[in-house]
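starting from these lines, generate the structure:
(one chain, ligands or ions: 2)
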Amino acid sequence: MEEGCSLNRANCRSKGGSAGFKVAILGAAGGIGQPLALLMKMNPLVSVLHLYDVVNTPGVTADISHMDTGAVVRGFLGQQQLEDALIGMDLVIIPAGVPRKPGMTRDDLFNINAGIVKTLCEGIAKCCPQAIVNIISNPVNSTVPIAAEVFKKAGTFDPKRLLGVTMLDVVRANTFVAEVLGLDPREVDVPVVGGHAGVTILPLLSQVKPPSSFTQKEIDYLTDRIQNGGTEVVEAKAGSGSATLSMAYAAVKFADACLRGMRGDAGVIQCAFVASQVTELPFFASKLRLGRTGVEEIYPLGPLNDYERSGLEKAKKELAASIHKGISFVRK
Ligand SMILES: NC(=O)C1=CN([C@@H]2O[C@H](COP(=O)(O)OP(=O)(O)OC[C@H]3O[C@@H](n4cnc5c(N)ncnc54)[C@H](O)[C@@H]3O)[C@@H](O)[C@H]2O)C=CC1
Ligand SMILES: O=C([O-])CC(=O)C(=O)O
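Ligands and ions are numbered 1, 2, ... in the order given. This next block holds a predicted model:
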């Protein structure tokens, strides 16, 4: 008999019960899902962590559950366990779906990931319609509109509770701008608005904090690097996937902001891709304030320079098509 087994698990006093939020990760066994699960298990605001995937969740769950942090971890495998994974959740994070390979755009993932996100959101509408939902699966510019349509169909849509995760664009922008300025990235804050693909990723370098000026060469370099940061990683990984570790970091930074808002903390501000009236488009990423009910305030874009205004026009053109594609997928 294996050492330690003399104390039958069923005889152990039940653990957990600490106050906190219930969080589900859908796609928890994947490249993003695993480090995301690890980091969420370390988050003191989480009391229960549900790990759902169509493969490998028993192993990931057993592994993560041995960490001596507060959250109780439970695993769920396959479509027949989706509803159990979702019941009672406060926050659902979705990194389920296929990643890019070199030469692909995020939109090339639409055919597979649209259906995955649709099915998962149908489960959310049924089992935890009050949950805040963080969508990571690409193409975010289309999967967020898909989620909104599913929730509208089910009569559960609340625009304050549906957020497309664009945090990695901000994380990258902070890193690259800090490098140019010779600052610590933790001191730098770059608003990134628009969407999450190529030219739709619009860093507002005129609004960087601390206030900074850049040469035109620096602006061109930074804008290009921020817009193509995802492709930089896809090419470096040479066929084995896209950003997973920096994405898990960004997803946790964003989820933690959502949880702090839900707890009632003041002044929790992040960028995300949400239903919005900041432009004429129905969805747009911009700075917003997170609170008890999700998105409590969406901030206007603020003054843009000519370079940013022209970038905004390009971004809106591509975004409009991606949003339309997502909406049509559910309405067809
Ligand atoms: N929003 C963002 O900034 C970013 C988004 N992504 C996107 O995140 C997604 C996931 O990327 P990775 O984790 O690298 O991919 P991966 O292939 O390593 O993991 C995806 C996981 O989803 C699971 N899955 C597939 N169908 C599912 C279903 N119906 N229900 C539940 N789980 C399902 C797979 O079994 C797998 O474990 C991709 O679409 C990728 O493009 C990636 C990086 C950044
Ligand atoms: O580029 C990709 O396919 C993954 C992604 O969204 C990112 O890294 O920003």
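
count of residues packed around the nearest residue in space to residue 86 that is not next to it in sequence?
Nearest residue to residue 86 in three dimensions, chain neighbours excluded: residue 127, at 3.8 Å (CB to CB, 6 or more residues apart in numbering). No exception for glycine: its C-beta is placed from N, CA and C like everyone else's. When neighbours are counted by other CB atoms under 10 Å, residue 127 registers 18.

what does the stretch 1-150 of the chain put close to ligand 2?
Contact residues (CB under 6 Å from any ligand atom) of the stretch 1-150 of the chain with ligand 2: 99, 100, 106, 138.

ok, the third one - how many residues close by?
For residue 106, the count of nearby residues is 26 (other CB under 10 Å).

could you check how far it is from residue 197?
With distances taken as CB to CB, to the nearest Å, residue 106 is found 5 Å from residue 197.

what's the most distant pair in the residues of the stretch 1-150 of the chain next to ligand 2?
Spanning the widest gap among those are 99 and 106, at 9.5 Å by CB to CB.

tally of neighbours for residue 238?
Using other CB under 10 Å, residue 238 has 9 other residues around it.

surely it is in contact with residue 232?
No - in this structure residue 238 lies outside contact range of residue 232 using CB atoms under 8 Å: 12.0 Å.

what is in contact with residue 106 and residue 197 at once?
Residues touching both residue 106 and residue 197 (CB atoms under 8 Å, 6 or more residues apart in numbering): 138, 139, 140, 141.

make CSV out of the residues you listed and add distance to ligand 1.
Below are the shared contacts of residue 106 and residue 197 laid out as CSV (distance: CB to the nearest ligand atom, whole Å):
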residue, distance to ligand 1
138, 3
139, 8
140, 5
141, 10
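
mark which of the residues you listed are buried, thanks.
Among the shared contacts of residue 106 and residue 197, those scoring as buried are 138, 139, 140, 141 (criterion: 16 or more other CB atoms under 10 Å).

now do residue 246 against ligand 1, distance only.
8 Å (CB to the nearest ligand atom, to the nearest Å).

list the contacts of that residue.
Here residue 246 is in contact with 168, 171, 172, 233 (CB under 8 Å, 6+ apart).

repeat that with 7 Å
Under the criterion of CB atoms under 7 Å, 6 or more residues apart in numbering, the neighbours of residue 246 are 168, 171.

again with residue 52
Under the criterion of CB under 7 Å, 6+ apart, the neighbours of residue 52 are 24, 25, 26, 28, 76, 82, 85.

wait, residue 202 sits on residue 195?
No - counting by CB atoms under 7 Å, residue 202 stays clear of residue 195, with 8.2 Å between them.

no further queries at this time; thank you.
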